[in-house]
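In: build me a model:
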Amino acid sequence: MKRQLHNLRKEAHQIRLSHAERSRMSQHIFGEATADASPYSVIYSWFSLRFAMPMAAALMVVLGTGTVYAAGGALPGDTLYAVKVSVTEPMREVLAFSQTAKADFHTNVVQERLEEAETLVSQGRLTESTTKALEENLNKHVAAAQTITKTLAEGDPDTAADMAAALDSSLSAHGAILARLGDDSEDDHARQYSARLALNVGMVRIPQEVREEKQNTATIHTTTSLVQTVQTISEPTLVAGETMRKEAEQEEMEQRQSKDRSLLKRKEKASGQLAEVRKQFEKTKGSFGTSTAQKVESRFQEIQQQIEAGNTTDALRSGIELYTFIKAGEKFNGDILEHLIRGKDNRQDKEVRENTDGSDD
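Out: Coordinates of the predicted model:
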């Protein structure tokens, strides 16, 4: 333990930050200064803002701002990784006050664990002990995100659906990346443990939720049935029945208007996300081959069609997966991007065939 503290102090003294780095470090620890958490635990309910800020400041003093910032890029096995997982991340969780922010925090940590695993696979550094530690930490944060999302669904089903889609699509994409990196690795252990992690990711994925559009449709059908029932009221109660019918029709109209507003809002959100993904792709488009670029463009068109058709949850999922694939292509090599998209296409074709065969039966 003393040796670890000595190493931490030694690294802290060697780190100096520029003004820009200090700014990014502050965002990394405290989060973005925005009221809305982006839709890709132990809840410290006793921990108020009054105590959170002084503790964060104390953290800077004890470890040094440079140490905390540098720990953000640490990998399992690195000296500063303990600071990242045991100090910085719990502080980030404490400072996530809303349920949405907490779910967003856990989803982000899940992505970080999977990206760490991918880097270790590519470097041939993924060991059995590291795989086990990553699995335990990953499963903890996935379970926390699932629990919070379930709670959110009771009061804000749209946000909950987006949260569930963000987590599930991220797990799906990173599972495919891990499997592909393992297949391409020349290291036997890397292949073995990446396959194990990919399997674990598949097991902890959130089951696909019932589409919100279906729930809204079911509600409208219920109201419509009420209108039809009111229309059969007998003559002696005609006046009361007429009042009830009008009230039911008004309620149905309000529900339809609410659904339309919700759908429009979700379309705008999915379109905004798609624009961000395209912006990211345009930055590095030149580093990918023509065939890969064409496949990405084709995927953009498919997502746009999903948005126009009102399949916003599917569009959000597809957008997150594509973004994750593009980032993997930038980080590792351009070929992996085309392989990942082709693998996604193959899985979709298989699902279509299975659904067709099932309907024939």
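
In: what number of residues lie near residue 285?
Out: 14 (other C-beta atoms under 10 Å). Any C-beta I mention is one placed from the backbone N, CA and C, and that applies to glycine too.

In: leaving aside the residues adjacent along the chain, what's closest to it?
Out: residue 293 (5.9 Å; C-beta to C-beta, 6 or more residues apart in numbering).

In: using PDB, list the CA coordinates for the helix or strand containing that neighbour.
Out: Assessed by DSSP states H and E, residue 293 sits inside helix 290-308. Listed next in PDB are the C-alpha coordinates belonging to helix 290-308 (Å, rounded to 0.1, in the frame of the first residue of the first chain):
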ATOM      1  CA  THR A 290     -14.500   3.900 -50.600                       C
ATOM      2  CA  SER A 291     -16.400   0.700 -49.900                       C
ATOM      3  CA  THR A 292     -16.500   1.500 -46.100                       C
ATOM      4  CA  ALA A 293     -17.700   5.000 -46.800                       C
ATOM      5  CA  GLN A 294     -20.500   3.700 -49.000                       C
ATOM      6  CA  LYS A 295     -21.700   1.300 -46.300                       C
ATOM      7  CA  VAL A 296     -21.700   4.100 -43.800                       C
ATOM      8  CA  GLU A 297     -23.700   6.400 -46.100                       C
ATOM      9  CA  SER A 298     -26.100   3.600 -46.700                       C
ATOM     10  CA  ARG A 299     -26.600   3.200 -42.900                       C
ATOM     11  CA  PHE A 300     -27.200   7.000 -42.600                       C
ATOM     12  CA  GLN A 301     -30.000   6.600 -45.200                       C
ATOM     13  CA  GLU A 302     -31.500   3.700 -43.300                       C
ATOM     14  CA  ILE A 303     -31.500   5.700 -40.000                       C
ATOM     15  CA  GLN A 304     -33.100   8.700 -41.800                       C
ATOM     16  CA  GLN A 305     -35.900   6.400 -43.100                       C
ATOM     17  CA  GLN A 306     -36.500   5.100 -39.600                       C
ATOM     18  CA  ILE A 307     -36.900   8.700 -38.300                       C
ATOM     19  CA  GLU A 308     -39.300   9.600 -41.100                       C
END
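
In: list the helices and strands whatever helix or strand comes next after that helix packs on?
Out: Downstream of helix 290-308, the first helix or strand assigned by DSSP H and E is helix 312-331. Counting contacts by 3 or more C-beta pairs under 8 Å, 6 or more residues apart in numbering; DSSP states H and E, helix 312-331 is packed against helix 99-123, helix 157-184, helix 238-284, helix 290-308, helix 334-360.

In: can you redo those as TSV with mean pLDDT?
Out: TSV is the format used below for those (pLDDT from 0 to 100):
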stretch	mean pLDDT
helix 99-123	94
helix 157-184	92
helix 238-284	83
helix 290-308	94
helix 334-360	71
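
In: between the ones you listed, which one is nearest to residue 204?
Out: With C-beta to C-beta, the closest approach to residue 204 among those belongs to helix 157-184: 6.9 Å.

In: among the helices and strands packed on helix 312-331, which is nearest residue 148?
Out: Residue 148 sits nearest to helix 99-123 of all the helices and strands packed on helix 312-331, at 4.3 Å, using C-beta to C-beta.

In: please point out which parts of the closest one sit buried.
Out: The neighbour-count check on helix 99-123 (16 or more other C-beta atoms under 10 Å) flags 99-122 as buried.

In: stretch 329-348 too?
Out: Buried residues in stretch 329-348 (16+ other C-beta under 10 Å): 329-330, 332, 336-341, 344.

In: ok, now stretch 274-287?
Out: For stretch 274-287, a neighbour-count test (16+ other C-beta under 10 Å) marks 274, 277-278, 281 as buried.
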